[in-house]
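Asks: Fold the stuff below for me.
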Amino acid sequence: MSRIPATVITGFLGAGKTTLIRHLLNNAGGRRMALIVNEFGDVGFDGALLSDCGDANCRADDVVELANGCICCTVADDFIPTMTMLLERDPMPDHIIIETSGLALPQPLIAAFNWPDIAAEVTVDGVVAVIDAPALAAGQFAADPARGEALRKADINLDHESPLHELFEDQLRAADLVVLNKTDLLDAAQVTALTARLAGQVRGGVRVVPAQHGRLAPAVLLGLGAAAETDLANRPTHHELEGEDDHDHDDFTSFAVTLPPAADRDGLLGRIERVMTAHPVLRLKGFAAIDGKPARLVVQAVGPRVDAWFDRPWRDDETPATQLVVIGLKGLDAAAVRRDLGALEDA
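Replies: Below you'll find the model as predicted:
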């Protein structure tokens, strides 16, 4: 029997991985999809958003969340047991999608597919790296990392190169397909220039494709046939190239914030926008309850951009509440962020 294909979706914080996967699940063409989501933070935002897409191919019981740390550091404890559980299902999935956290190295995860019990049943069909086009056009690799980078460079005990930049390079080296996302926020000349730039940073034969809101046909993302687990030698990490063999995530912090119901949508988003401007926050995401509104509000903030939309009504078994995940670099003043967001005292 042929092995089940798996697609690894990687990319930095806020690049649009969850949006791309949601569109993919909504256009699965009858495939039975299983999804592993590696969250960074205590609130299962990405998993909840994906399992609520309203399509038979993204049911809640087909979404597995790994929230015990970055997936590349918890392969033995989390990933392999999860894969084993998926392979024991009847029927088994037709395709497995893995959304890594924005901090994950793809290479250790790819290597895990060589575990004997997994290798017999699953192959890595492809590694897809999602890139934030406006951030890259602004000379960055992710939206608004400048404030955090300045703090890092001021510390003489830190290495010259930014670990975030190394991570960006590692994701490109591992990729079988690069998605240049959010191109609707750029002009045609910028998209052409960025495509050429990325093409010079990836392995030969790796395509760079533009996307808006992660809207790509499944035929573009699936069926790459890369068998990436057999090709690790051609996908070295930055540390491997420099003779190092580990990485850590101590430079990052995340915490959950609980807010009282907001009186109105614009007021809440205004507070979030001010927090993103006043503090070195890399990413803020979550769900919000708005007084008088029967639907939950999805909130996504990256750098200076704050997006929000009502995705579905609150269910009868849910208590409308606002829970947000804040992700930033080490040293972020969590108390000040909570205060400026208007967090509840017991959050």
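Asks: Show me the shaky parts of this structure.
Replies: For the chain, the stretches with pLDDT under 70 are 1, 39-78, 141-163, 242-252, 303-304, 344-347.
Asks: Please enumerate the helices of it.
Replies: With helices called from DSSP state H, the chain shows them at 17-26, 45-51, 80-87, 106-112, 116-119, 133-137, 146-153, 163-174, 188-199, 218-221, 238-241, 265-278, 334-341.
Asks: Pull out the buried positions in the fourth one.
Replies: Applying a neighbour-count criterion of 16 or more other C-beta atoms under 10 Å, one finds 106-112 buried in helix 106-112. Every residue, glycine included, has its C-beta placed from N, CA and C.
Asks: What helices and strands are in contact with it?
Replies: The helices and strands touching helix 106-112, judged by 3 or more C-beta pairs under 8 Å, 6 or more residues apart in numbering; DSSP states H and E, are strand 4-11, strand 122-132, helix 163-174.
Asks: Nearest to Pro210, out of the ones you listed?
Replies: Checking those against Pro210 by C-beta to C-beta gives strand 122-132 as the closest, at 10.1 Å.
Asks: so what does that closest one touch, helix or strand wise?
Replies: Short answer (3+ C-beta pairs under 8 Å, 6+ apart): strand 122-132 packs on strand 4-11, helix 17-26, helix 106-112, helix 163-174, strand 177-181.
Asks: let's go with 7 Å and repeat that
Replies: strand 4-11, helix 106-112, helix 163-174, strand 177-181 (3 or more C-beta pairs under 7 Å, 6 or more residues apart in numbering; DSSP states H and E).
Asks: re earlier: in TSV: the helices of the chain, plus distance to Arg207.
Replies: Shown next, in TSV, are the helices of the chain (distance: least, C-beta to C-beta, whole Å):
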stretch	distance to Arg207
helix 17-26	15
helix 45-51	25
helix 80-87	27
helix 106-112	17
helix 116-119	26
helix 133-137	15
helix 146-153	30
helix 163-174	13
helix 188-199	8
helix 218-221	9
helix 238-241	23
helix 265-278	33
helix 334-341	39
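Asks: for these, which one sits closest to Asp125?
Replies: Judging the helices of the chain by C-beta to C-beta, what sits closest to Asp125 is helix 218-221, at 9.2 Å.
Asks: follow-up on the earlier one: ok, the buried residues of helix 106-112 vs Ala226, which is closest?
Replies: Nearest to Ala226 out of the buried residues of helix 106-112 is Ile110 (C-beta to C-beta; 9.7 Å).
Asks: Could you give the bridge partners of Thr322?
Replies: On the basis of DSSP bridges, Thr322 is bridged to Leu259.
Asks: Run a quick neighbour tally on it.
Replies: Using other C-beta atoms under 10 Å, Thr322 has 24 neighbouring residues.
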